[in-house]
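K.L.:
have a look; sequence and predicted model below, questions after that.
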Amino acid sequence: MTTAQLIEIAKMSEAQFLHELQSSRNGLTSNISHQKLKTEGANVLKQEPKTHVLFQFLDRFKDPLMLVLIMVAFISFSTGEIVDGTIVIVIVILSSLLNFIQEYKASTAAAKLKQHLSSKAMVWRDRKLIEINTANLVRGDIIELNAGDLIPADVRILECNNCFANQSALTGESMPVAKQSQTLDGQNYDLNDLTNILFAGTSLLTGTAKAMVIATGNQTQFGNIATNLSKSSDDNEFVSGIKRFSILIVRIITIFVIVIFGVSLIVKGDILHSLTFAVAIAVGLTPEFLPMILTVAMSKGSMQMANKGVIVKKLTAIPTLGSMDVLCIDKTGTLTQDKIKLVRCLDYEGHDSANVLLHAYLNSYYQSGLSNPMDEAILNFRKVSIRDFHKVNEIPYDFNRKKMSVVVKQGKQQFLITKGAPEEILDDCVCIQKGEHCQSITIKRRLIYQQLYEELSQDGFRVLAVGIKKLPDTQQKFGPNDEHDLNLLGFTAFLDPAKADAKAALDELEAMGIEVKIVTGDNELVAAMICNQVDVKIKGILTGQQVEKLSDESLAKKVEQTTIFARVSPDLKNRIIKAIRQNKHVVGYMGDGINDAMSLKTADVGISVANAVDVARESADIILTHKSLHQLKDGVDQGRRTFGNTMKYLMMGISSNFGNMFSMLGVVIILPFLPMLPIQILLNNFIYDLSQLTIPSDKIDMEYIKSPKRWDLKFIQRFMLTLGPISSLLFI
């Protein structure tokens, strides 16, 4: 089910969506559920059959360069050149085996998602509440949920009480999300705004809920991720370059073999000798040690990267990392500390206030409901003495009120301290308290209050307001009705602050020619503030809603002028990365949540961290032991060194081989005999290539690694056509 379809259901009235799925509050009958189970399938994540390990190994030989070498070996065997053919085959097998051993890890990304689905669910069937296996849930089922439950399918809430969900597995944001049952009535929504929808694989932190199943299995949001993970991904930049280079070699070999065979046949008149000589030329042109050189270079690079805390799962990701010119990251935990902190406590006029801190501290200290990051941030901000205060009671948070209160006593005086959404607190306040004095809330003061709140929000702060009220000493019962006629104290402003070393790391990446783009599920104001803190130049901002309205062609143009992509779902993250790649960029993506899995696979190089969820680590090509851009910079540096040494071998080998064979073409016309025997050509080629096995450990000039390096076939071709004939003259 798409995000657009979920939004439509979220905006339907209860009667409408019950009718849409042919259900009722009493649930389905057993007969109807069985029929639906047959037509819709089980509530499980379907995945492609796993490829046998042998076929995974054989798949290595589909590479065009490998096919060329296998063809050359086959022709060598056919013409009696057993030694030559054996040498080529041994090189092919060893190279493929080394590569396979280094990269082989079972692909369990989609299967890991199953761990996030509960195995049992309480469901209404035949007007009875029974427990069934979640695999048997179908659309239209009515289920009961309690605090701590994992959500077994995408569901629309019918009724709930004090519900908070942890959606970090899906959205990547750690803040608990308040849920409610009311129909949404606005126009512009994204996945994070669907407060009456609970998603498969997320969990209910607090409260209880009754809900109707609206999507199961691969139709859920998690199912969409699993489906995309099971699809084969595009080749990364380096692999694509190898394939293009292989095609170039095939073309050159084909032309040379045809020309040399024809000339030799005309001059010598011996078909067998001409064919043997042409085959030798073909082998001589082929950089048969390239797979071995690549594997050795990348294996050496992976060991050096491991020493710096960078674990390489896919060898070709090393040179691809060196080619990367765009890095997409989520700000949370990468640019920021991934920990909400209380930054300021402000009174009505925007001045720092110890009184606001005291009452916010009392509220957080004595509340016993959901433990959330904001309460922890208040308690960790500063030690506040509250020994003169004692808890009397509390009024828990709920979605409709968007606030919570505690009742405390100081001496004989009882106080109600309320903390919550600024707009809700203001509506309940009649006065502004300054010290011991109170001022009535006039229109002018209301505007000042709203302006301060809006300025804090625009600066990226998450804001809560604090109000108090004196209560009669004899009052013993308390409820939401007491949260009126409050005195406004002020605001608490929270922020996930930037890492101290983030700016330096970003400067290093920029100096290396890598543009950083922020792709986050958080809002654009918070993302922009963090970017400003670390001096990221913001070219433009796009929200998820704006991205959804763009065609693929329009998005491809927009991504070039955009630095921040905010409030984006996993599907949109994936689409953004594809658009950037479409513009011929080499894209790296750094993520650690299930919501990042698709993007990690889609990017040229997926980068995760050691403490990421399993599915993110499985989908990544490179794993950092710490979520640090400094480590990533070291990886880029090594990637460019590996790419540079690979190019050294390739440029030397291809130009030398071309020159030698070009000489053979000229000499065969002049001399009445073959200038070199096939075995001599192969031996010369073998010895020359063998001498270059030390290239992977060669040094690279610092100037070379200052900018991204990519395959440039036109340059390689020009180099070969220029240096080849020059070496041919020296050969003669």
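P.N.:
Thanks, I have it. Numbering: from 1, shown residues only.
K.L.:
quick one, helices of the stretch 601-732 of the chain?
P.N.:
All helices of the stretch 601-732 of the chain, identified by DSSP state H, counting those that start in this stretch, fall at 614-619, 629-670, 678-690, 713-731.
K.L.:
determine which stretch of the ones you listed is the most buried.
P.N.:
Most buried of these by mean neighbour count (mean count of other C-beta atoms under 10 Å) is helix 614-619; its value is a mean of 24. In this view, the C-beta of every residue, glycine as well, is placed from N, C-alpha and C.
K.L.:
so what does that helix touch, helix or strand wise?
P.N.:
helix 109-112, helix 597-602, strand 605-609 (3 or more C-beta pairs under 8 Å, 6 or more residues apart in numbering; DSSP states H and E).
K.L.:
show the average pLDDT along that helix.
P.N.:
In this model, helix 614-619 has a mean pLDDT of 76.
K.L.:
before we move on, what about stretch 58-69?
P.N.:
Per-residue pLDDT values across stretch 58-69 average out to 69.
K.L.:
next: stretch 125-132.
P.N.:
Rounded mean pLDDT across stretch 125-132 is 92.
K.L.:
centre of the chain to that stretch, how far?
P.N.:
Centroid separation for stretch 125-132 versus its chain: 39 Å, with C-alpha atoms, centre = their mean, to the nearest Å.
K.L.:
need the contact partners of it.
P.N.:
26-30, 33, 120-124, 141, 144 (C-beta atoms under 8 Å, 6 or more residues apart in numbering).
K.L.:
check the residues you listed for burial and list the buried ones.
P.N.:
Those of those that meet the buried threshold are 27-28, 33, 121, 123-124, 141, by 16 or more other C-beta atoms under 10 Å.
K.L.:
using TSV, lay out those residues together with distance to F199.
P.N.:
Converted to TSV, those look like this (distance: C-beta to C-beta, whole Å):
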residue	distance to F199
G27	21
L28	21
S33	22
A121	15
V123	18
W124	21
D141	16
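K.L.:
tell me the two of the residues you listed that are most distant?
P.N.:
Using C-beta to C-beta, these span at most 13.2 Å, a distance reached by L28 and A121.
K.L.:
can you tell me the centre-most residue of this structure?
P.N.:
D596 (3.1 Å; C-alpha atoms, centre = their mean).
K.L.:
find the nearest non-adjacent residue to it, please.
P.N.:
Distances taken as C-beta to C-beta, 6 or more residues apart in numbering place A616 nearest to D596, at 5.4 Å, with adjacent residues excluded.
K.L.:
ok, I514 next?
P.N.:
I514 sits nearest to L327 (C-beta to C-beta, 6+ apart), 5.4 Å away.
K.L.:
check E40 too.
P.N.:
Nearest residue to E40, sequence neighbours excluded (C-beta to C-beta, 6+ apart): V138, at 5.7 Å.
K.L.:
helix or strand with the lowest mean pLDDT in this protein?
P.N.:
Across the helices and strands of the chain, mean confidence by mean pLDDT, DSSP states H and E is lowest for helix 109-112: a mean of 44.
K.L.:
just checking, next helix/strand downstream of it?
P.N.:
strand 120-125 (DSSP states H and E).
K.L.:
any idea which helix or strand comes after that next one?
P.N.:
Toward the C-terminus, strand 120-125 is succeeded by strand 128-133 as the next helix or strand (DSSP H and E).
K.L.:
mind listing the strands that following strand pairs with, and their directions?
P.N.:
strand 120-125 (antiparallel) (DSSP bridges).
K.L.:
and the helices in the stretch 351-500 of the chain?
P.N.:
Counting by DSSP H, counting those that start in this stretch, the helices of the stretch 351-500 of the chain are 354-366, 373-381, 422-428, 443-458.
K.L.:
cool, the stretch 101-250 of the chain as well?
P.N.:
Using DSSP H, counting those that start in this stretch, helices in the stretch 101-250 of the chain cover 109-112, 168-171, 221-230, 237-268.
K.L.:
what lines up beside the host helix or strand of L327 in the sheet?
P.N.:
For L327, the host element (DSSP H and E) is strand 326-329. Using DSSP bridges, the strands paired with strand 326-329 are strand 515-519 (parallel), strand 587-590 (parallel).
K.L.:
reformat those strands as a markdown table; add mean neighbour count, distance to F77 and mean pLDDT.
P.N.:
Shown next, in a markdown table, are the strands paired with strand 326-329 (neighbours: other C-beta atoms under 10 Å; distance: least, C-beta to C-beta, whole Å; pLDDT from 0 to 100):
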| stretch | mean neighbour count | distance to F77 | mean pLDDT |
| --- | --- | --- | --- |
| strand 515-519 | 22 | 50 | 94 |
| strand 587-590 | 29 | 43 | 94 |
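K.L.:
can you redo those strands as CSV with distance to G435?
P.N.:
Output for those, formatted as CSV (distance: least, C-beta to C-beta, whole Å):
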stretch, distance to G435
strand 515-519, 43
strand 587-590, 49
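K.L.:
in contact with E548, which residues?
P.N.:
3-4, 190, 572.
K.L.:
no wait, L629
P.N.:
329, 334, 502, 505-506, 508-509.
K.L.:
same check on Q337?
P.N.:
496-499.
K.L.:
and for S119?
P.N.:
Per C-beta under 8 Å, 6+ apart, neighbours of S119: 133-134.
K.L.:
next one: it, what pLDDT does it get?
P.N.:
74.
K.L.:
do the same with K419
P.N.:
Looking at K419, the pLDDT reads 95.
K.L.:
try the one 3 residues further on
P.N.:
Confidence per residue is given as pLDDT, and for P422 that number is 90.
K.L.:
okay, and F77 sits in which element?
P.N.:
According to DSSP H and E, F77 maps onto helix 64-78.
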